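Participant: Pasting a predicted model and its sequence here:
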Amino acid sequence: MLGMGLVALEGTVVATAVPQIVGDLGDFSLFSWLFTGYLLAVTVTLPVYGKLSDTFGRKPVLLFGTGLFLVGSLLCAAAWSMTALIAFRIVQGLGGGAIQGTVQTLAADLYPLRDRPRIQARLSSVWASSALAGPVLGGLLAAYADWRWIFLLNLPVGALALWLTARHLHEPARPRGGPVRIDWAGSAGVFACGGLLLFALVQGGVAWPWWSWQTGLLLGGGALAAVFTGWAERRAPDPVLPGWVWRRRTLAAVSLAMGALGLLMVAPMVFLPTYAQSALGLGPVAAGFVMSAMVLSWPVSAAFSQHVYRRIGFRDTAVLGIVLAGLCLAAFPLLPHPAEPWQPALLMLGLGAALGLFQLPLMVGVQSTVGWAERGTTTASVLFCRQVGQSVGAAAFGAVANATLTARLAASDTPGLPDHLDEVSRALAEPERLSGSAAEQLRAAVTAAVDHVYLGAAAAAVLALLVLLGMAPRRFPVLPEHRAEPAASAGAGDRPRTARP
C-alpha cells in the first residue's frame, strides 16, 4: 500500500503546484509534459515489467521499481529547468510502471480468492485517498514551503516501503526451465510502439492539429513499430507479449473491457472538475468534493462485490456494474441547467459504486484463471489496456468537447463571447469580464460540451457490456487455489479447472 501510494499520489499532487513550478523554472508551454511524460513512461513499461516479474519474481522487480522511482523523485527535487524536470518525471514513471503492475499481481499471489476483495479494496482506498489528498497537499506545499518538497516527501515513504518489502516479502523458490532469455527486441518494440502511439494521441489536437504531418508521422511510426513487435514476438523463445494474451477468450475480453473502462473514466476525472467550476460556479475545493463522491464509493463497492460474484460469478457481476455505470453516465445530460451541486455528486456516488462492481470482479477473476508464471504478464496486460484507454479517451473526448464548444460559440450572436478556443480558458477564469448574457451563454456551451462527453462515456460503457456478453465466458475457468481455497469460493458462475502443465 505504501508503494502504491507513491504512484497514486504522484499523479495528482503536482497539479496544484504547476503555477509555482512554472514561475520558478519557466517554459509554460512545456508544463503539460510533467503529466504526459510520466503517463507515457508508466504505460509503456507495464507489459515489460509484467514479463520480468514472471521471469525473475515479484520482489526484485518491485524493489527495482521503487528504487528507480525514488531516484527520479530526488532528481525532480533538484531540477534546474523545465526540460530537466520533465526528463526526471519520466524516470519516475519508469519506476512507477514496475510498482503499479507488481503490487496488483502480489495481491493475487499472497492472498487466496476469498481475501482478495478485501485487499483490492484497500488498494482502491489508496487511490481514492490520493485523489482527495494529492491536490490539497500539493497546494499547501507550494504555498507555504517549496514545490520541491512534493518530490522530497517521497523519499521517507519510499524508503519505508523498500525496507518493508525487503524484510517481509518472501517468495518461494520456483524452478526455472532452462536459462533466462530476456526479449530485448520485443521490449524495445513495445516501448517504441506504445510511446509513439500515445504521444500522437496526447499531443494531437493540442500541440498541433489532428490532420497534420506530425500526427501522420507518429501514427505511421507507431504502426511500423507494431509490425516489428509482432514479428519479433513470434520469433522470441520467451516473448514479453506472448500470443496467449489475446488467444484466450477470458483474458482478451477482460483486457478490452478494461480499455473501455479507461475510456469512460476520462469523463468524470478530466471534465467534471471543469464543469463544476465553470457551469456550477464552484471553487476548486468544492469542485473536488463533487468528484470525491465517486472515489469514496468505489472502494466500498469493491469490497462488497465479493458477496455478489460468489453468487452469480465474475462476468455477471461485472455486467451488472457496467449497466449501472452506463445509466449513471447517460443520466448526466438530463441534469437541469444550472444544476445543484448535489445532483452531479449523487450521480458520481452511483458511478463509483457501479465501477467498483465492474472492475474488481474482472481483475480478481482474470488473475484466478492463470498460474504464478503467467500472472504478472496477465495483470500488466490488463492494466496496459486500461492506461491506453485513458489516453484514447483523453484525445477523443477532448476533440468532442472542443467541437461542441466551437459550434456553440459560432452559433451564438451574443456579443463578447470568445472567438477562439484558446480564449475560452481565460474567459472561464475571469467570468467578470463578460456580460451577464455572454457568461450564461459560455456556461451553457461548457455544459453542452460536457454532456456530449458523458454521452460518449456512456457509449464506452455499452462497448464494455457488448465485449463481456459477446466474448467473456459466463463461467471464468478458475484454477484451483494453491492456498487451500475451497472451490466454492470461485462463485456460482465460475468453474474451477486444473492447471495446464
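Facilitator: It's in.
Participant: domain ranges for the protein?
Facilitator: The chain breaks down by automatic domain parsing into domains covering 1-170, 243-501.
Participant: Figure out which of those domains is closest to L224.
Facilitator: Minimum separation from L224 across the domains of the chain (CB to CB) falls at domain 1-170, 16.0 Å. All C-beta spots, glycine's among them, are computed from the backbone N, C-alpha and C.
Participant: Need the distance between the two termini of that closest one.
Facilitator: 17 Å (CA to CA, to the nearest Å).
Participant: same question for it, mean pLDDT?
Facilitator: For domain 1-170, mean pLDDT rounds to 83.
Participant: Export the domains of the chain as CSV, with columns for distance to G222 and mean neighbour count.
Facilitator: Listed next are these as CSV, based on distance: least, CB to CB, whole Å; neighbours: other CB atoms under 10 Å:
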stretch, distance to G222, mean neighbour count
domain 1-170, 11, 20
domain 243-501, 12, 20
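Participant: In the protein, which residue is most central in space?
Facilitator: Central residue of the chain (CA atoms, centre = their mean): Q387, 4.8 Å from the mean position.
Participant: how near is the residue lying closest to it once chain neighbours are set aside to I21?
Facilitator: Counting by CB to CB, 6 or more residues apart in numbering, Q387 lies nearest to T43, which is 4.1 Å off, once chain neighbours are set aside. As judged by CB to CB, to the nearest Å, T43 and I21 stand 23 Å apart.
Participant: Ok, L217 next?
Facilitator: L217 sits 30 Å away from I21, going by CB to CB.
Participant: Also G398?
Facilitator: 23 Å.
Participant: hmm, who's touching stretch 233-249?
Facilitator: 47-48, 51, 55, 180-183, 185-187, 189-190, 229, 232, 251-252, 255, 369, 374, 377-378, 381, 471-473 (CB atoms under 8 Å, 6 or more residues apart in numbering).
Participant: among those, which are in helices?
Facilitator: 47-48, 51, 55, 185-187, 189-190, 229, 232, 251-252, 255, 374, 377-378, 381 (DSSP state H).
Participant: can you list the weak-confidence ranges in the stretch 151-300 of the chain?
Facilitator: Under the criterion pLDDT under 70, the flagged ranges of the stretch 151-300 of the chain are 173-181, 202, 204-207, 283-285, 287-288.
Participant: quick one: the helices in it?
Facilitator: 154-168, 184-203, 213-235, 244-247, 249-266, 272-278, 284-312 (DSSP state H, counting those that start in this stretch).
Participant: Quick one: the strands in the protein, in order.
Facilitator: Remark: strands assigned in the chain by DSSP state E are 477-478, 495-496.
Participant: what's the first one packed up against?
Facilitator: Counting contacts by 3 or more CB pairs under 8 Å, 6 or more residues apart in numbering; DSSP states H and E, strand 477-478 packs against strand 495-496.
Participant: change it to 6 Å
Facilitator: Applying 3 or more CB pairs under 6 Å, 6 or more residues apart in numbering; DSSP states H and E, we find strand 477-478 packed against no helix or strand.
Participant: check contacts around A8.
Facilitator: Contacts for A8 (CB atoms under 6 Å, 6 or more residues apart in numbering) come out as V126, W127, S130.
Participant: ok, so of these, who is nearest F64?
Facilitator: F64 lies nearest to V126 out of the contacts of A8, by CB to CB, at 20.8 Å.
Participant: thinking the closest one is in contact with L6, fair?
Facilitator: No. With contact defined as CB atoms under 6 Å, V126 and L6 do not form a contacting pair (9.7 Å).
Participant: From what I see, G37 and A87 are in contact.
Facilitator: No. Counting by CB under 6 Å, G37 stays clear of A87, with 7.7 Å between them.
Participant: any shared contact partners between the two?
Facilitator: With CB under 6 Å, 6+ apart, G37 and A87 have no common neighbours.
Participant: picking that back up, and the residue nearest to the centre of the chain, how far from G470?
Facilitator: In terms of CB to CB, Q387 sits 23 Å off from G470.
Participant: Tell me the predicted confidence for A499.
Facilitator: So, for A499, pLDDT stands at 41.
Participant: likewise G356?
Facilitator: 89.
Participant: mind checking how far it is from G371?
Facilitator: G356 is 27 Å from G371, by CB to CB.
Participant: Same check on W80?
Facilitator: From W80 to G371 the distance is 48 Å (CB to CB).
Participant: Enumerate every residue touching I90.
Facilitator: By CB under 6 Å, 6+ apart, the contact set of I90 is G37, A41.
Participant: cutoff 10 Å now
Facilitator: I90 makes contacts with W33, T36, G37, Y38, L39, L40, A41, V42, G72, as judged by CB atoms under 10 Å, 6 or more residues apart in numbering.
Participant: ok, and the closest non-adjacent residue to the fourth one?
Facilitator: Of all residues not flanking Y38 in the chain, G93 sits nearest, at 4.3 Å (CB to CB, 6+ apart).
Participant: Verify the stated contact: that neighbour with V42.
Facilitator: Yes. G93 is in contact with V42 according to CB atoms under 10 Å; the separation is 4.6 Å.
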